[in-house]
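S.K.: Turn this into a structure:
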Amino acid sequence: MAASRVHKLARLSCGLLVALTFARALRAETAPAPTPVAESAPQAAALPEPPIEVFPFAIPYYVLKGVTYPIYKLGHLIKKNRYSRRSVGFLTNENRSFSVYPILTVGDGRKFGGGLGLAHIDLFRRDYHLKTHFILYQDLDQRAVFSLGNEKAFQALGRDFSFEFASTWYKDGDEDFFGIGPDTDESAKSEFGLRRFTVGARFGFELIPNLSFSPRIFFDTALANNGHAGLSDPVEARFPPAELPGFGRNISYLDYGFRLAHDTRDPDVSPNRGGLRELVFHRFMGIGQKGFDYFQWDVDVEQYFTLGHPRFVLWLHNGWTFQNTSGGSQIPFYRLAVLDVNSPLRGFDKGRFRDRGSVVFNVEFRYPIWDIIDGTVFFDTGRVFGGISNFAFKDFKFSGGGGIRVTVNKYYLFRLEAATGGEGVNVIFRAVQNI
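M.R.: Numbers count the residues shown, from 1 in each chain. Take a look at the predicted model:
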């Protein structure tokens with residue numbers, strides 16, 4: 001029996017060593033040949049890889065390197081044949097100020113969807129920025145976003161003021177609801193329909209370099225209803241009306257407030273230094289009905305740290321949401337603070353936890369795999385609570401995972417992530433356009 005175990009262990013060790021050797025061979029094969037330079041020419045800093053060069057801890061890195069090798073080769077084939085330049089040239093104008101781009105989203109809580117986006121950074125040749133996109137999901141749910149703005153729309157008091165007109169339309173026939181509070185059970189999942197439309201404007205100016213103040217005013221209307229016909233678990237069948245304030249009513253708000261932000265991040269789709277400190281205030285004042293007015297405060301802090309090399313990046317994030325009412329008002333159940341895959345608490349479904357307050361902490365490490373591919377490892381934790389007086393450092397939910405990011409000519413970023421929080425595995429794919 002002992003000899004059999006020894007033989008099994010030996011075979012496993014040999015297999016791991018073969019995999020490690022093969023991965024190292026891949027790295028050696030694809031490494032660029034050294035270019036002769038003059039003695040006085042400065043040498044670029046060598047890219048340290050892998051992050052952990054100790055057997056067996058480096059094995060996951062080399063396995064991921066082998067798995068992503070076809071993506072790496074495809075990316076270089078595209079570069080070699082200039083397919084990306086041809087496609088960008090086909091989808092943009094001559095001076096690259098206009099772009100049409102595809103959108104694909106899977107597993108982020110909105111099911112499978114695809115659509116088109118359009119962006120223009122010099123509309124009317126007066127520095128107006130136009131951004132719009134439309135996404136259609138497999139069950140015919142829809143999402144549309146439109147914005148038109150100018151970073152230097154006008155001057156007043158010796159300052160440049162920005163202006164943005166924005167609107168969103170959202171229709172989802174199977175939103176998820178698990179109840180209210182941090183201890184809701186996964187088996188309590190139910191569904192409802194939601195239609196929401198917002199339109200309004202925001203202004204902004206810099207108080208000092210990197211510190212901006214942006215007042216806003218929007219019209220915001222929404223209707224929660226039965227959603228798609230034949231839902232397996234309609235929300236009104238599982239929860240009593242007292243737990244569903246606002247259900248079946250079209251509730252409209254005047255949403256006014258401000259955003260105060262200190263932003264020193266790199267102006268890139270994948271920042272590697274700098275940070276964001278942000279305070280956002282909303283006053284939701286009911287239009288045409290009473291009993292649903294409320295306030296909302298959002299506090300967000302994030303920071304990027306470079307660890308010895310521009311592509312070794314540590315991201316730290318902390319976000320808080322506080323909601324409160326006055327005069328006996330209620331908050332519609334679908335407008336409560338949410339902690340879910342988009343918060344991000346990536347191991348949990350969309351709409352998983354709801355209450356009048358939420359907090360989330362995130363730690364993410366980004367490291368290079370190939371020249372166009374980065375790997376990520378992340379850990380998320382957070383909870384919802386009924387108000388600041390009910391907050392305690394307990395009942396936190398935890399999730400962790402990893403993924404890859406693929407950057408193509410600094411125009412597109414494709415992200416593939418997998419995460420778990422004890423309720424199954426979430427696989428998330430997102431594409432972000434950077435013009």
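S.K.: and the nearest residue to residue 345 once chain neighbours are set aside, what element?
M.R.: Excluding its sequence neighbours, the residue lying closest to residue 345 (CB to CB, 6 or more residues apart in numbering) is residue 380, at 4.9 Å. C-beta here means a position set from N, CA and C on the backbone, and glycine is covered the same way. Using DSSP states H and E, residue 380 sits within strand 373-385.
S.K.: Could you confirm residue 180 falls within a strand?
M.R.: No: using DSSP: H, G, I helix; E, B strand; the rest coil, the secondary structure at residue 180 is coil, not a strand.
S.K.: related to what we said a few turns ago, tell me which residues in the helix or strand that the strand holding residue 380 is followed by are buried?
M.R.: Per DSSP H and E, the first helix or strand lying C-terminal to strand 373-385 is strand 397-408. Residues of strand 397-408 classed as buried by neighbour count (16 or more other CB atoms under 10 Å): 397, 399, 401-408.
S.K.: Please apply the same query to stretch 302-309.
M.R.: The neighbour-count check on stretch 302-309 (16+ other CB under 10 Å) flags 302-304, 309 as buried.
S.K.: Just confirm residue 100 contacts residue 120, I think it does.
M.R.: No: Residue 100 is beyond contact range of residue 120, at 9.9 Å (criterion: CB atoms under 8 Å).
S.K.: Have a look at the two and say which one is more surrounded.
M.R.: residue 120 (19 against 13; other CB atoms under 10 Å).
S.K.: Name the nearest residue to residue 122, ignoring sequence neighbours.
M.R.: Distances taken as CB to CB, 6+ apart put residue 97 closest to residue 122, at 4.3 Å, once the chain neighbours are dropped.
S.K.: mind listing what the strand holding residue 380 pairs with, with the direction of each?
M.R.: According to DSSP bridges, strand 373-385 has the following sheet partners: strand 357-370 (antiparallel), strand 397-408 (antiparallel).
S.K.: Save those as a markdown table, and put in distance to residue 329 too.
M.R.: What follows is these, written out as a markdown table (distance: least, CB to CB, whole Å):
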| stretch | distance to residue 329 |
| --- | --- |
| strand 357-370 | 16 |
| strand 397-408 | 28 |
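S.K.: so can I have a markdown table of these showing distance to residue 314 and mean pLDDT?
M.R.: Output for the strands paired with strand 373-385, formatted as a markdown table (distance: least, CB to CB, whole Å; pLDDT from 0 to 100):
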| stretch | distance to residue 314 | mean pLDDT |
| --- | --- | --- |
| strand 357-370 | 6 | 95 |
| strand 397-408 | 14 | 91 |
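S.K.: To residue 427, which of those strands lies closest?
M.R.: With CB to CB, the closest approach to residue 427 among these belongs to strand 397-408: 9.1 Å.
S.K.: neighbouring contacts of the very next helix or strand once past that closest one?
M.R.: For strand 397-408, the succeeding helix or strand toward the C-terminus, using DSSP H and E, is strand 412-420. With CB atoms under 8 Å, 6 or more residues apart in numbering as the test, strand 412-420 has contacts from 101, 269-270, 341, 346-347, 376, 378, 380, 399-408, 425-434.
S.K.: Pairing partners for strand 412-420, with directions?
M.R.: Here strand 412-420 is paired, per DSSP bridges, with strand 397-408 (antiparallel), strand 425-433 (antiparallel).
S.K.: Can you list the neighbours in contact with the shortest one?
M.R.: In this structure, residues lying in contact with strand 425-433 by CB under 8 Å, 6+ apart are 99, 101-108, 117, 119, 269, 341, 346-349, 401, 403, 411-420.
S.K.: Now do the helices in the stretch 151-300 of the chain.
M.R.: Ranges of helices in the stretch 151-300 of the chain, per DSSP state H, counting those that start in this stretch, are 235-238.
S.K.: State the number of residues packed around residue 146.
M.R.: A total of 16 residues lie near residue 146 under the criterion other CB under 10 Å.
S.K.: Contacts only, for it.
M.R.: 131-132, 166-168.
S.K.: got the residues you listed as a markdown table, with distance to residue 235 columns?
M.R.: Listed next are these as a markdown table, based on distance: CB to CB, whole Å:
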| residue | distance to residue 235 |
| --- | --- |
| 131 | 33 |
| 132 | 32 |
| 166 | 29 |
| 167 | 27 |
| 168 | 23 |
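S.K.: Sort out for me which of those are in strands.
M.R.: With DSSP state E as the criterion, strands contain 131-132, 166-168 from among those.
S.K.: In PDB, could you pull the C-alpha coordinates for the strand holding residue 380?
M.R.: Backbone C-alpha positions of strand 373-385 (Å, rounded to 0.1, in the frame of the first residue of the first chain) are rendered in PDB as follows:
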ATOM      1  CA  ILE A 373      -2.800  39.700 -21.400                       C
ATOM      2  CA  ASP A 374      -2.800  40.400 -17.700                       C
ATOM      3  CA  GLY A 375      -4.000  38.000 -15.000                       C
ATOM      4  CA  THR A 376      -6.000  39.100 -11.900                       C
ATOM      5  CA  VAL A 377      -6.600  37.600  -8.500                       C
ATOM      6  CA  PHE A 378      -9.200  39.300  -6.300                       C
ATOM      7  CA  PHE A 379     -11.000  39.200  -3.000                       C
ATOM      8  CA  ASP A 380     -14.300  40.900  -2.200                       C
ATOM      9  CA  THR A 381     -16.200  41.300   1.100                       C
ATOM     10  CA  GLY A 382     -19.100  43.400   2.200                       C
ATOM     11  CA  ARG A 383     -22.600  43.500   3.800                       C
ATOM     12  CA  VAL A 384     -25.900  45.400   3.800                       C
ATOM     13  CA  PHE A 385     -27.400  47.000   6.900                       C
END
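S.K.: gap between that strand and the chain center?
M.R.: 11 Å (CA atoms, centre = their mean, to the nearest Å).
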